[in-house]
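Q: next one to model:
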Amino acid sequence: MVALSLWGIDPSSPRSLAGSVLGQPTPICEHGGSGLILPLFGDAEQDWPNGLRVVLYFIGLFWCFVGVAIISDIFMGSIEKITSKKTRVRLAVHGETKLVTVRVWNDTVANLTLMALGSSAPEILLSIIELLSQDMYSGHLGPSTIVGSAAFNLLVISAVCIMAIPDGEVRTINDVGVFVVTATCSIFAYIWLLLVLQVTSPDVVDIWEAIVTLALFPALVAIAFAADKGIFSVKSNVSSAHRDHVLGL
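A: Numbers count the residues shown, from 1 in each chain. Predicted coordinates:
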């Protein structure tokens, strides 16, 4: 029963039990299998030649990718418009008052909230749709997509950024404190996920675990913002205070 529930199968459903072997759900391409969208034309579609269905499914998949890309571009453009908003503040320099243009959004907060939401929106929505369609049972696609995307960002993209530096040139991290905070929290996220799913309540996510996990995000943003302001470094405190004084903040 537990195995069937983990695979998103209703153990009380005769169709689910009859169409499953050792707790494995019936594939969509076989009779008795069904998904959120496919088959579009019911059981008759499963009698079509596999070659034809492969071509049609790949065309549909490509069409979905194009749609997601268009929506994501519009969403990211809107977020960039929001985060690029600037304002004018008065600054006293040598006894004279001047107007200085500054950003409304802090760069660190914008990157961790709006920018992260815009780039990760498709995979988050994918996981939510899959979870709701399977009566709050985790499926194959949603969690794997989120974890895989996070691992890709942490490992592959970091490696590409390092390899892209031309020979003889050097790149440095401007905000080391923020980098340390985000890197540490990224590793802690995997550890926390392991504790939730394997230690505290194996294969089940309790309400309190979900609430704590959600609360960790604003905590990350607050700590990263504090690191950006130089609270954790005496040297950075001086430069941050000077910067805020210059900007009139």
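
Q: could you chop this protein up by domain?
A: Following the assignment in the TED database, the chain carries domains at 29-105, 106-168+175-231.

Q: export these as JSON lines, with columns for mean pLDDT and mean neighbour count.
A: For every residue, glycine as well, the C-beta is placed using N, CA and C. JSON lines is the format used below for the domains of the chain (pLDDT from 0 to 100; neighbours: other C-beta atoms under 10 Å):
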{"stretch": "domain 29-105", "mean pLDDT": "83", "mean neighbour count": "12"}
{"stretch": "domain 106-168+175-231", "mean pLDDT": "87", "mean neighbour count": "14"}
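
Q: and whichever strand or helix holds Pro218, how far from the chain's centre?
A: Using DSSP states H and E, Pro218 sits in helix 207-228. Centroid separation between helix 207-228 and its chain, computed with C-alpha atoms, centre = their mean, to the nearest Å, is 14 Å.

Q: what lies in contact with it?
A: With contacts defined as C-beta atoms under 8 Å, 6 or more residues apart in numbering, helix 207-228 is touched by 106-109, 112-113, 175, 177-178, 180-182, 185, 189, 192, 196, 200-201, 232.

Q: likewise stretch 111-131?
A: 36, 68, 72, 75-76, 79, 82-83, 105, 137-139, 141-143, 145-146, 149, 182, 220-221, 224.

Q: now do stretch 176-196
A: Residues contacting stretch 176-196 (C-beta under 8 Å, 6+ apart): 108, 112, 147, 150, 154, 173, 205, 209, 213, 216, 220, 223-224, 227-228, 230, 232-233, 236.

Q: so where do the strands sit in this structure?
A: Using DSSP state E, the strands of the chain run over 86-93, 96-103.

Q: in CSV: the ones you listed, plus distance to Gly32.
A: Output for these, formatted as CSV (distance: least, C-beta to C-beta, whole Å):
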stretch, distance to Gly32
strand 86-93, 59
strand 96-103, 57
